[in-house]
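> one predicted model, sequence on top.
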Amino acid sequence: MRRIIGVNTWVWTSPLDDDSLAELAAKAAGMGFGAIELPIETPGDWSPDAAADVLREHRLAPVVIGAMGPGRNLIAAPGSEIVATQNYLVHCLGVAERLGSRVVAGPFTAATGRTWRMDAEERAARYRELQGSLGPVVRAAERSGIRLAIEPLNRYETSLVNTVEQALEALGPLLGPGLGLALDSYHLNIEEQRVGDAIRLAGEHLAYVQVCGNDRGAVGDDHIDWPAFLDALDDVGYSGPLGLESFTGDNDTIAVAASVWRPLAASQDELAARSIRYLTALQDEREQR
């Protein structure tokens, strides 16, 4: 199965704004990407109306990405903070509806980087709390015809949902047309014993896929078995984009948040170009079998 390849604007900049979106959309299209991930760090950073025009001009499919920065929590937080986070997610759904994005993807549980120890009883309680907080957002997604896609993160970025098995336990009653999973090769490589098995476990609930090298660098310059990765996606019938997500080290905030302590390629353009060349060649090779 051939999938379009997308790229996150975080490869080059943060936060996104109207000027950088216009520049990066042209760059991404010129490199051959067919989709672009648009992070909403703070509502109002960029205009959905302007973005719609830019993406139409460059024939790029939109994917809306949410960011769980400090103070965005759906569990173990004051009620006002949970409501504000719910409102933020509903805003992201509205932007997705305006742009025509079929998913809103991100680690929509607690602020990224927030970790603490939990015994089995507390974990079960937090999962119930998460389901309660997510319920209204999932229903809003269903009404909009958009699927919220929640991403398990590695153990250093969250202690709540690290694996596909945990995600299915945490989200089970809500999974369906309005809620699925977003899987990222970087986190899968850290947390799953067998990446292909984890993808297959997600099954019909797999709503979005992000990729990068195991070191957050270029796809194909790393030790991940990418043919096997694509085989697993074929097995579950995933036909959506493969979104390249990496991060620039030139922005202090995003470099610290993503632990980008050294260059991951000769340049960010090179990281993106090497990734799409590898994935395109791999898909070409698979089609010729």
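Looks like it arrived, so ask away.
> can you show me the helices along this protein?
Using DSSP state H, the helices of the chain run over 18-31, 48-58, 79-99, 120-144, 164-171, 185-191, 195-202, 226-236, 252-257, 268-287.
> what's the least confident stretch among those helices?
Least confidently modelled of the helices of the chain is helix 252-257, at a mean of 80 by mean pLDDT.
> CA atoms of that one as PDB?
Taking C-alpha atoms only, helix 252-257 is exported to PDB below (Å, rounded to 0.1, in the frame of the first residue of the first chain):
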ATOM      1  CA  ASP A 252      15.800  27.000  22.500                       C
ATOM      2  CA  THR A 253      12.300  26.100  23.700                       C
ATOM      3  CA  ILE A 254      11.700  23.300  21.300                       C
ATOM      4  CA  ALA A 255      15.300  22.000  21.500                       C
ATOM      5  CA  VAL A 256      15.000  21.600  25.300                       C
ATOM      6  CA  ALA A 257      11.500  20.200  25.100                       C
END
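> next one: that helix to chain centre, how far?
A distance of 17 Å separates the centroid of the chain from that of helix 252-257, by Cα atoms, centre = their mean, to the nearest Å.
> stretch 218-231 too?
18 Å.
> quick one: contacts of that stretch?
By Cβ atoms under 8 Å, 6 or more residues apart in numbering, the list of residues contacting stretch 218-231 from outside reads 185, 189, 195-196, 199, 211-215, 244, 264-265, 270-272, 274-275, 277-279, 282-283, 286. Using the backbone N, CA and C atoms, a C-beta is placed for each residue, glycine as well.
> for stretch 184-201, same thing?
Residues outside stretch 184-201 that contact it (Cβ under 8 Å, 6+ apart): 151-155, 157, 162-165, 168, 183, 206, 209-212, 214, 216, 219, 224-225, 228-229, 231-233, 235-236, 238, 245.
> can you list the buried residues in that stretch?
Neighbour-count burial for stretch 184-201 flags 184-192, 195-196, 198-201 (criterion: 16 or more other Cβ atoms under 10 Å).
> next one: stretch 264-271
Going by neighbour count (16+ other Cβ under 10 Å), the buried part of stretch 264-271 is 264-265, 268, 271.
> dump the residues you listed to JSON lines, plus distance to residue 132.
Formatted as JSON lines, the buried residues of stretch 264-271 follow (distance: Cβ to Cβ, whole Å):
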{"residue": "264", "distance to residue 132": "39"}
{"residue": "265", "distance to residue 132": "43"}
{"residue": "268", "distance to residue 132": "40"}
{"residue": "271", "distance to residue 132": "40"}
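> taking those, tell me the two that lie furthest apart.
Greatest spatial distance among these (Cβ to Cβ): 264 and 268, at 8.3 Å.
> what count of nearby residues applies to residue 123?
Using other Cβ atoms under 10 Å, residue 123 is surrounded by 17 other residues.
> list the contacts for it?
Residue 123 is in contact with residue 160, counting by Cβ under 8 Å, 6+ apart.
> if I look at it, how far off is residue 160?
The gap separating residue 123 from residue 160 is 8 Å, by Cβ to Cβ, to the nearest Å.
> next: residue 108.
From residue 108 to residue 160 the distance is 11 Å (Cβ to Cβ).
> check residue 191 too.
Counting by Cβ to Cβ - residue 191 and residue 160 are separated by 12 Å.
> with residue 22 instead?
Distance, residue 22 to residue 160, by Cβ to Cβ: 37 Å.
> so these two - more neighbours on which side?
Each of residue 22 and residue 160 has its neighbours counted (other Cβ under 10 Å); residue 160 has more, 24 against 17.
> list the contacts of the residue nearest to that one when sequence neighbours are not counted.
Closest residue to residue 160 apart from its sequence neighbours, by Cβ to Cβ, 6 or more residues apart in numbering: residue 109 at 5.0 Å. Applying Cβ under 8 Å, 6+ apart, we find residue 109 in contact with 68, 74-75, 130, 150, 158, 160-161, 170.
> test for you: state the pLDDT assigned to residue 109.
Taking residue 109 on its own, its pLDDT is 98.
> ramachandran coordinates for it?
Phi and psi for residue 109, reported as degrees, to the nearest 10, are phi -130, psi -60.
> next, work out how far apart it and residue 141 are.
Noted for residue 109: a distance of 16 Å to residue 141, by Cβ to Cβ.
> just residue 189 next, same as before
The gap separating residue 189 from residue 141 is 28 Å, by Cβ to Cβ.
> cool, and residue 186?
In terms of Cβ to Cβ, residue 186 sits 25 Å off from residue 141.
> fine by me, we can end here.
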